[in-house]
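S.K.: Task: produce atomic coordinates for the following.
(chains A, B, C and D)
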Protein chains: 4
Amino acid sequence: MFDRFTRGELHLNRIEAFSDGVFAIIVTLLVLELRVPVLPHHAGVTELRNSLFDLAPKFLSWLISFIIVCKFWLNHHHIFSLARHANYALVWMNSLFLMTQSFIPFPTALIGEYPRNPLAVSVFGCVMAVNTLLFMLLHRYILRNLMKPELKGTEDPHILAKSLVGPLSYLAGVATAWFSIEAAFVVYMLTPLWFITPAAPRPVNSTKQC
Amino acid sequence: MFDRFTRGELHLNRIEAFSDGVFAIIVTLLVLELRVPVLPHHAGVTELRNSLFDLAPKFLSWLISFIIVCKFWLNHHHIFSLARHANYALVWMNSLFLMTQSFIPFPTALIGEYPRNPLAVSVFGCVMAVNTLLFMLLHRYILRNLMKPELKGTEDPHILAKSLVGPLSYLAGVATAWFSIEAAFVVYMLTPLWFITPAAPRPVNSTKQC
Amino acid sequence: MFDRFTRGELHLNRIEAFSDGVFAIIVTLLVLELRVPVLPHHAGVTELRNSLFDLAPKFLSWLISFIIVCKFWLNHHHIFSLARHANYALVWMNSLFLMTQSFIPFPTALIGEYPRNPLAVSVFGCVMAVNTLLFMLLHRYILRNLMKPELKGTEDPHILAKSLVGPLSYLAGVATAWFSIEAAFVVYMLTPLWFITPAAPRPVNSTKQC
Amino acid sequence: MFDRFTRGELHLNRIEAFSDGVFAIIVTLLVLELRVPVLPHHAGVTELRNSLFDLAPKFLSWLISFIIVCKFWLNHHHIFSLARHANYALVWMNSLFLMTQSFIPFPTALIGEYPRNPLAVSVFGCVMAVNTLLFMLLHRYILRNLMKPELKGTEDPHILAKSLVGPLSYLAGVATAWFSIEAAFVVYMLTPLWFITPAAPRPVNSTKQC
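M.R.: Prediction:
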């Protein structure tokens, strides 16, 4: 039954093209939430300035989500550079991961619209934690099953355990939201810094990495 | 007159790039239907929670359509890996198929908005049945006219007959919708499992498949 | 001053990637105009059916524009396969062409919304005529300046004159709109058939064409 | 700490694919601001014509932004053709640049909606100045750290100083907006002409440039 998923030796280029398309669209769609304020048509400078300031939570949530998706893109690029090909299991794990990525505009809009509501702020962190867990699943599957032979041993063997810091940090933000909204935003802003670049390869075969 | 369509020896890469772009955009646009609920600005946690629960049919329809489009993408990838090049007939069949794919956000929004209306639920199934039939046409055309010589014989000769299970299953969902909405949703969720991975190649030349 | 535009020997792949991205997004965005009808939440089958029928002009305009953009994509693919590289002049002609392509969702929405208004129907035809003229400019520039040496002589020398049938046909539709809306729609539907496939190469060097 | 950013030898193709995707989506999304006017359903030709004329500022802002983004795309293409590979620092600079690019639809909509408001017109110029500065940062980083050895010396050594004309020109538009809206629009339209094509390479190794 599950055998069929280990079949398939797909070139990575179409999977990467599909994924890159999804990433590119997500980051660009985020801006659609930044709607121009609706004012009387001959509104003056002061009114426009005030209503632009009111958009501050939307700008902030746009910024945070943009950085997070770019961080996922970079790490996605990295782990796919480790794989020798894809099988159907990897394709479907990748699709599920992309599904949760493409969901990101929703919680981003939610905290932009209700920035003082702890439920909205929590939902954002939960979605990011799920994204990170699915990413780790993808990473783990590649490390265990599809690693390029020449790169074996270059990845830190504790990389997955260390990656847990990501979802735990998002979940800390989720809990924090019920006490202090501001603190939760700070946690969400700092979390992508953990894997702002993929971990350095170990010096076994320290040749080119991609 | 129809001769002109068998002309053309197009490389597959631009067709795949165009198709991948369309697939990537479809799956990502689906999330735009998940609109943040409109509440009074300082709405509390309870109100937000309730209105998020009200979105449940939209989340569900988003999920089903996402899985269905990913399944089409994977199978599209597979059948194009069988072709040695494209001619104009294939380009146009592919365009028609992509047209019906790009239509998917409409019935998805329809069942998300009117999940208890049997007509809405039926329309969804009909659209998916048409998509599957156009996909089969594409598959059949490649098998008969554009197969890579070295892959001849690796495809199950009954693959097209077996593929009919897809549209028939969607049409069963269409009929079911008039008796039980819930059962129709279940049928729609189960149907993509039929070709969750492309059929295994026959062991004639069991070398790389893509 | 204009010298700078003939500089540059750009590989075609990034230009094609950018163009394919734009084409893919245009065709997929067209569906966003097909909005789910707004009905009372427990509207019955009859009401939903009637309001879906009311969308007929939108479905029709979506269909026509989808076919037209796919036709442009295919012919774009063809003429770029004739070029040995791109210079900056070609890049900018291509950008202007893509600008008018990306404008297509606007007149499409316009005739979907006001299908009985001759001005709306005329605007649609004018936009398509401008698109075709810019495409011909692109074609002409490649034929005169950037043709692959091995393909010289394979293009019909009268191809540009023959291509004029496209804009003339759209303009005939524009004029027709003021007498009969239905006839104008028919003209718009038939026009893309003129170059539904690129013209056949002449048998000078009848080897591969792309 | 900052060491980690100089690691990584990434192929340029996925970064270019991601960037091209973002550019393509931005230019195509711009059209979404051009909404079909809302009129009584059987509005006549005169009413439709008048309301289309009212859209003139939106058409103009769409046009200006389209040209600006295409100009960035072309110059982005150019500077990436100078680089031998990417490291993580370049990836992040590129992501920040794309973030400000993807922001462009917002100020475009703002001047389309409030074309007579000097604040709206100023914001547009500021966003473009920031975009140009981030682009210059990207350019500078490639010139100093990632230049292909065979292209060394082909770039004008004063290119970055000369590039400053871009942001200065946009900022001149920002200042102008408070005296004359029309003059500011003219400045914004003329500014992209400065780098409408990348600067010519110096004739050190005047071989192919990309």
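S.K.: Only C-alpha atoms from now on, for both contacts and neighbour counts.
M.R.: Will do.
S.K.: Please identify which helix or strand holds the residue of chain A found nearest chain C.
M.R.: Nearest to chain C, among the residues of chain A, is A:Gly21, at 8.7 Å (C-alpha to the nearest C-alpha). According to DSSP states H and E, A:Gly21 maps onto helix A:12-29.
S.K.: how about that helix, does it reach chain B?
M.R.: Yes. For helix A:12-29 and chain B, the contact criterion (C-alpha under 8 Å from any C-alpha of the partner chain) is met by A:Arg14, A:Ala17, A:Phe18, A:Ser19, A:Gly21, A:Val22, A:Ile25, A:Ile26.
S.K.: Same question for that helix: list its buried residues.
M.R.: A:12, A:14-29 (16 or more other C-alpha atoms under 10 Å in any protein chain shown).
S.K.: show me the contacts for A:Pro134.
M.R.: One correction, residue A:134 is Leu, not Pro. A:Met93, A:Leu96, A:Phe97 (C-alpha atoms under 8 Å, 6 or more residues apart in numbering or on different chains).
S.K.: how about a cut-off of 7 Å?
M.R.: A:Phe97 (C-alpha atoms under 7 Å, 6 or more residues apart in numbering or on different chains).
S.K.: Next one, pLDDT for it please.
M.R.: With respect to pLDDT, A:Leu134 has a value of 96.
S.K.: That one: which element?
M.R.: Going by DSSP H and E, A:Leu134 is part of helix A:118-141.
S.K.: returning to that earlier point: from the buried residues of helix A:12-29, which are also near chain D?
M.R.: A:Asp20, A:Gly21, A:Ala24, A:Ile25, A:Thr28 (C-alpha under 7 Å from any C-alpha of the partner chain).
S.K.: Now the third one: closest residue in space, sequence neighbours ignored.
M.R.: I take that to be A:Ala24. In space, and not counting its chain neighbours, A:Ala24 is closest to D:Val22: 5.1 Å by C-alpha to C-alpha, 6 or more residues apart in numbering or on different chains.
S.K.: likewise the last one?
M.R.: If you skip the residues right next to it in sequence, A:Thr28 has D:Ser102 as its closest partner in space, 5.5 Å away by C-alpha to C-alpha, 6+ apart.
S.K.: do you know how far that neighbour is from B:Val121?
M.R.: From D:Ser102 over to B:Val121 the distance is 36 Å, taken as C-alpha to C-alpha, to the nearest Å.
S.K.: Same drill for these two, tell me which one is more crowded.
M.R.: B:Val121 (28 against 25; other C-alpha atoms under 10 Å in any protein chain shown).
S.K.: Okay, helices next: where are they in chain A?
M.R.: A:12-29, A:45-54, A:56-82, A:88-103, A:105-113, A:118-141, A:159-163, A:165-176, A:181-190 (DSSP state H).
S.K.: Show me which positions of the shortest one end up buried.
M.R.: What it means is helix A:159-163. A:Ser163.
S.K.: OK, contacts around the closest residue to A:Val121 other than its chain neighbours?
M.R.: Take A:Val121 and drop its neighbours on the chain: the residue closest to it by C-alpha to C-alpha, 6+ apart is A:Ile111, 5.7 Å away. Residues near A:Ile111 by C-alpha under 7 Å, 6+ apart: A:Ser61, A:Ala120, A:Val121.
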